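Trainee: got a predicted structure here, sequence first:
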Amino acid sequence: MTSAAACSATDPWLAHSVTIDRVIPETPGVATYDFVFTDDNVGGRYSFLPGQFNMLYLPGVGEVAISISGNPADRSKLPHTIRVAGNVTQELARLGEGGSLGLRGPFGASWPLADCAGMDVVLVAGGIGLAPLRPAIYDLLANRDRYGRLTLLYGSRTPAGLLYTDEYEQWRARGLDIQTTVDRTTDHWKGNVGVVTTLLERLTLPRPENTALMTCGPEVMMWYTIQSARECGFRDDNLYVSLERNMNCAVGLCGHCQFGPEFICKDGPVFRYDRVTSILKVDDL
Amino acid sequence: MQDGTEIRRTEFLATDDLQTLLDELQSQGYRTVGPTIDQGAIIYDEIESVDDLPRGWTDRQEAGKYRLEERDDDAFFGYVVGPHSWKRFLFPAAVTVATAERTDQGWQMRTPDHDAPRYAFLGVRACELAAMRVQDRVFLEGAFVDPIYQQRRDRAFIVAVNCTQAAATCFCTSMNTGPRCNSGFDLALTEISGGFIIESGSDDGDDILERLPTQPAEDALLDQAESARQQAVDQITKKMDTDGIRDLLMQNLDHPRWDDVATRCLSCTNCTMVCPTCFCSSVSEVSDLTGDHVERQRQWDSCFNIDFSYMNGGVVRNGIRSRYRQWLTHKLATWHDQFDTSGCVGCGRCITWCPVEIDLTEEVAAIRQSTTDKAPERTDEDDAP
């Protein structure tokens, strides 16, 4: 499952106490919360892989699964980029800096970065779907010489919805080609307008058969991204999606997150496309 | 308690000495749980003596029907299975999995010290032993272990009972789970006239057997036990064809039969509550009035509940069609992917306790029938010039 989990395999319900160290407003309704462990020993043991998630626990309110959006190599920060959507995220937003909560994790399968050494890599994100991919970006750029061309295609409903814009310049300087697009333009937007798949179709791919694609966003966006990628010559076993379902236990014991034969919490959330091909488009599965 | 049990010793225990088994178990600190009659059904509850057992009663079952009837003999175990299964003791319907306390240093989370009772289960049928093995796979044999189940399971002493009759809803022979108890017990009983053939299947079982006033199991008695067990086999009429069932169901996720069953199914969750292998649960927050002390309570949940698949402001499985499909395909198909076993043990509870008489074996048969009906057509086309 994970590398050095703070969550015990024999006591999966035990959450560790964390404090909100910093709240960074990102886009309307979205902020990045940086947590520190109350117990340094737990913090010292904790590490995660890009694409994994934590269960954030607000006692009396509930628990929510949130992908880790930080740099796996930077042990001093544990950021989670969160949109206010339900009771737990609302209460989290109300708590603010200094607030106390619980955290269990990390859980789930990670982006297969090590398997992509020597390949070109295309990341395709939609909206807040960039958050689970940001750890992958940090990791790819930290090991830039291991990979060929690195590209991020990022779509948002509006220009204001684009996450982490102040980091793009640095990412570009370190060798990540970034292209953005929006569904609806506003006055000052001079970039692309349209769905993110058009960026993929326009991309020059010198060796699509040796290019990996990792995508995270709304399921319908990922579906069309995958279809475009296949038309562009990507191989099915080089395509990866990050799926989402209701999580309760996060360790495969409660049954909630089942998606056909998969438990999203422990078999995913990152899946190789050919593993889930037959179930991706089954209605209401 | 050991898996892959081999029967070590076989003895005869007279009817009048059955109480000594309960006495022995109780004196060794076990809380004895067994069948007893409550609200017109045979359920599992703590029992003190053999007088609590449903002696002289049997259950008549068919789809959507369960009735107790008096037997014309004094058999203790002359019934099949009721609405309860042993999972209520191993995987409690409501249990506190964690607590949180607000302190000056923020929230402190703990998991409670579980000190589960040592249960001795009396009257575990072969399909129920199989159900425990299925739940073992779920709760004990993955990357994460459920500590509550683990402790209860490790501590349990199991007295199995071989079925000597079957209900119209039984299909353990199709699922290869019974009716003979072959493994997974400490002791196993077969009820015959005048007493029980008692077999031990573990060290703990040997220890208890040693202390009972047993007599040698003469060949004539063993023959009687064998024919009693054979009677159960002979009475099983329900069948489910499990050949290729995983692919049959997963290749028919858009089958019209799901729409058909959705017009009958009430999504009441009865089938999942009585199922001895269903393991879905939800954790909810239980705070005191100050809000400073919180218990996280896990309760049985069901894939038939509409909010079970709630996510991001919407429900994934909005219709009964998709919820019934989830239940049936999980039980009979994807369980194989997840746990390398079927999730169904053929106990028939979901058939009996369905208020609208839905029988999963019929649903599967209907899907299978429609696919085999189509097969010849395809062959004809293939052969056409």
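Mentor: Received the coordinates, thanks. Numbers count the residues shown, from 1 in each chain, chains lettered A, B, ... in the order given.

Trainee: what does the stretch 251-385 of chain B put close to chain A?
Mentor: By Cβ under 8 Å from any Cβ of the partner chain, the residues of the stretch 251-385 of chain B that approach chain A are B:253-254, B:279-285, B:287, B:291, B:294, B:296, B:301, B:303, B:308-313, B:316-319, B:321-322, B:326, B:329-330, B:333-334, B:337-338. (Each C-beta comes from the backbone N, C-alpha and C, glycine too.)

Trainee: hang on, isn't A:Ala65 packed against A:Ala250?
Mentor: Yes. In terms of Cβ atoms under 8 Å, A:Ala65 counts as a neighbour of A:Ala250; the distance is 6.3 Å.

Trainee: so what sits against both of these two?
Mentor: Listed as contacting both A:Ala65 and A:Ala250 by Cβ atoms under 8 Å, 6 or more residues apart in numbering or on different chains are A:53, A:55, A:107, A:265.

Trainee: between which two of those residues is the distance greatest?
Mentor: For the shared contacts of A:Ala65 and A:Ala250, with distances taken as Cβ to Cβ, the pair at the greatest spread is A:Met55 and A:Cys265 (9.2 Å).

Trainee: who has more neighbours out of the two?
Mentor: A:Cys265 (28 against 24; other Cβ atoms under 10 Å in any protein chain shown).

Trainee: contacting residues for the more buried one?
Mentor: A:Cys265 touches A:65, A:107-108, A:247, A:249-252, A:257, counting by Cβ under 8 Å, 6+ apart.

Trainee: distance of B:Ile351 relative to chain A?
Mentor: 22 Å (Cβ to the nearest Cβ, to the nearest Å).

Trainee: and that residue, what element?
Mentor: helix B:349-352 (DSSP states H and E).

Trainee: CA atoms of that helix as CSV?
Mentor: Provided in CSV are the C-alpha atoms of helix B:349-352 (Å, rounded to 0.1, in the frame of the first residue of the first chain):
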residue,chain,number,x,y,z
ARG,B,349,-31.5,-16.0,4.0
CYS,B,350,-31.8,-13.2,1.4
ILE,B,351,-34.5,-15.2,-0.3
THR,B,352,-36.5,-16.0,2.8
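
Trainee: so for it, mean pLDDT?
Mentor: Helix B:349-352 carries an average pLDDT of 98.

Trainee: quick one on the thing from earlier: looking at A:Ala65 and A:Ala250, which is more packed in?
Mentor: Shown here are A:Ala65 and A:Ala250; by other Cβ under 10 Å, A:Ala250 has more neighbours (27 against 24).

Trainee: what about residue 152, how many residues nearby?
Mentor: Going with chain A. When neighbours are counted by other Cβ under 10 Å, A:Leu152 registers 24.

Trainee: ah, no, chain B please
Mentor: The local packing of B:Arg152 (other Cβ under 10 Å) involves 22 other residues.

Trainee: do B:Glu218 as well
Mentor: By other Cβ under 10 Å, neighbour count at B:Glu218 equals 10.

Trainee: which residues does it contact?
Mentor: B:Phe12.

Trainee: OK, contacts around the closest residue to chain B within the stretch 101-250 of chain A?
Mentor: At 4.4 Å from chain B, A:Asn246 is the closest residue in the stretch 101-250 of chain A, using Cβ to the nearest Cβ. Going by Cβ under 8 Å, 6+ apart, A:Asn246 touches A:256-257, B:308-311, B:316.
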